[in-house]
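Student: curious how this folds, go ahead:
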Amino acid sequence: MQKEKWNTEQFISCDWGTSTFRLRWVQMPDVNILAKVKTSEGISQAYRQWQERGSNVEDRLPFYQRYLLDGIRQMKQQTSNSLENLTVVISGMASSSIGMMELPYSTLPFSCSGEGLNIKKIPPSCTFPHPMLIISGARAEDDVMRGEETKIVGAYVRRTAAEDEWMIMPGTHPKHIHISRDRVINFKTYMTGELFHLLSAKSILSASVQATDAPPSAHFIKGVKEASQANLLHKLFKVRTAALFSHYTPAESYHYLSGLLIGSELLDLQTQHIKRVSLIASGQLAAYYQAALENLDIQITNCIDADEALLRGQQQIFALQGG
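Tutor: Sure, this is the predicted structure:
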């Protein structure tokens, strides 16, 4: 890859998850978004289609690059400016076993500056005229992350410094990240978001709850507090009986169920006597975790938007690689 061809003032951000695909044209240094594309064509769908084409190893990278080119063409339609020579910086599942190419995980500890992360540089070609940086995930002894490592880098440059701290990153599979002396030394993954979806949409409890966009309610806080007072598996059935006996409305039960699961996740912070955390979250999840942490007397020292953290992390890693 010839460094002189890199546009160092802009880049194309790609956040490629299991079920979603996002491209954004980013102007540095303020991470202004000039154009964007979001689809449901996640890595799992791309991988399935590549398998249906015969799983030709030599065609694997070009096949995924065609996905990228389609998205880049859509962004071009949103502006009259040129995207020529812009580097595509990719986080998420692109480096996984179902991604563009499988890359080894970075191992702990790794620097919150982004140094030491496993990055794959791919030069432009006649079929894909953009340099690429694929950011691989990280692993602990018995845990893994892909995508969150980039958010850690971006969040770290925005937070108030502390020698020893914890980051809480909500999502489908929330992460609790332990940082010491500017290095990630450990992390844990929780099934909170996925379990909430399964229970609220697929289980017997689905008939007892109704989704709501309302802010965290007293029933949510009740669930958070009760998560530490009794066996979770027993408390979950209370969602069912609360509906049977008309104790809660379906929306109240929805909040109560959410509180039980988030409260159960945060039990680890309580048992370890952790009293200060940085929260990396967006939208409704940020409001829910803020309410839960505050009611458990855990101080939020930094509250950083997860989307901004991703973009700033990609920007930082791009800069480290010569961008």
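Student: when you work out contacts or count neighbours from here on, use the C-alpha atoms and nothing else.
Tutor: Will do.
Student: which strands or helices does the helix or strand containing Gln51 pack on?
Tutor: Using DSSP states H and E, Gln51 falls within helix 43-52. Identification of packing neighbours for helix 43-52 by 3 or more CA pairs under 8 Å, 6 or more residues apart in numbering; DSSP states H and E yields helix 57-76.
Student: quick check: mean pLDDT of the helix it packs on?
Tutor: Averaged over helix 57-76, pLDDT sits at 93.
Student: for the stretch 101-250 of the chain, what spans make up the strands?
Tutor: 106-107, 110-111, 119-122, 132-135, 138-139, 144-145, 164-169, 175-180, 183-189 (DSSP state E, counting those that start in this stretch).
Student: nearest to Ser253, out of these?
Tutor: Evaluated with CA to CA, the strands of the stretch 101-250 of the chain place strand 164-169 nearest to Ser253, the distance being 24.4 Å.
Student: contacts only, for His247.
Tutor: If you count contacts by CA atoms under 8 Å, 6 or more residues apart in numbering, His247 has none.
Student: the domain parsing of this structure - what is it?
Tutor: Listed by automatic domain parsing, the domain ranges of the chain are 3-146, 192-306.
Student: mind checking the SS state of Gly99?
Tutor: coil (DSSP: H, G, I helix; E, B strand; the rest coil).
Student: how near is the residue in the chain sticking out farthest from the centre to Glu226?
Tutor: Computed with CA atoms, centre = their mean, the residue of the chain farthest from its C-alpha average is Phe245, at 38.3 Å. Separation of Phe245 from Glu226 (CA to CA, to the nearest Å) stands at 19 Å.
Student: what does the residue farthest from the centre of the chain show for phi and psi?
Tutor: Reported as degrees, to the nearest 10, the phi and psi values for Phe245 are phi -100, psi 10.
Student: where in this structure is pLDDT low?
Tutor: Within the chain, the segments meeting pLDDT under 70 span 1-6, 158-162, 323.
Student: swap in 90 and give it another go.
Tutor: Applying pLDDT under 90 to the chain flags residues 1-9, 28-30, 41, 53-58, 79-85, 116, 156-164, 229-230, 321-323.
Student: helix, strand, or coil at the nearest residue in space to Cys303 that is not next to it in sequence?
Tutor: Nearest non-adjacent residue to Cys303, counting by CA to CA, 6 or more residues apart in numbering: Leu279, 4.8 Å away. With three-state DSSP as the basis, Leu279 sits in strand.
Student: who are the contact partners of Leu279?
Tutor: Shown in contact with Leu279 (CA under 8 Å, 6+ apart): Met167, Ile168, Met169, Ala286, Gln290, Ile300, Thr301, Asn302, Cys303, Ile304.
Student: again, but for Trp166
Tutor: For Trp166, the contact set (CA under 8 Å, 6+ apart) comprises His176, Ile177, His178, Ile179, Arg276, Val277, Ser278.
Student: so can I have CSV of these showing distance to Ser206 and neighbour count?
Tutor: Below are these laid out as CSV (distance: CA to CA, whole Å; neighbours: other CA atoms under 10 Å):
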residue, distance to Ser206, neighbour count
His176, 28, 22
Ile177, 32, 22
His178, 35, 17
Ile179, 38, 23
Arg276, 35, 18
Val277, 33, 21
Ser278, 33, 22
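Student: that's all I had, so thanks and see you.
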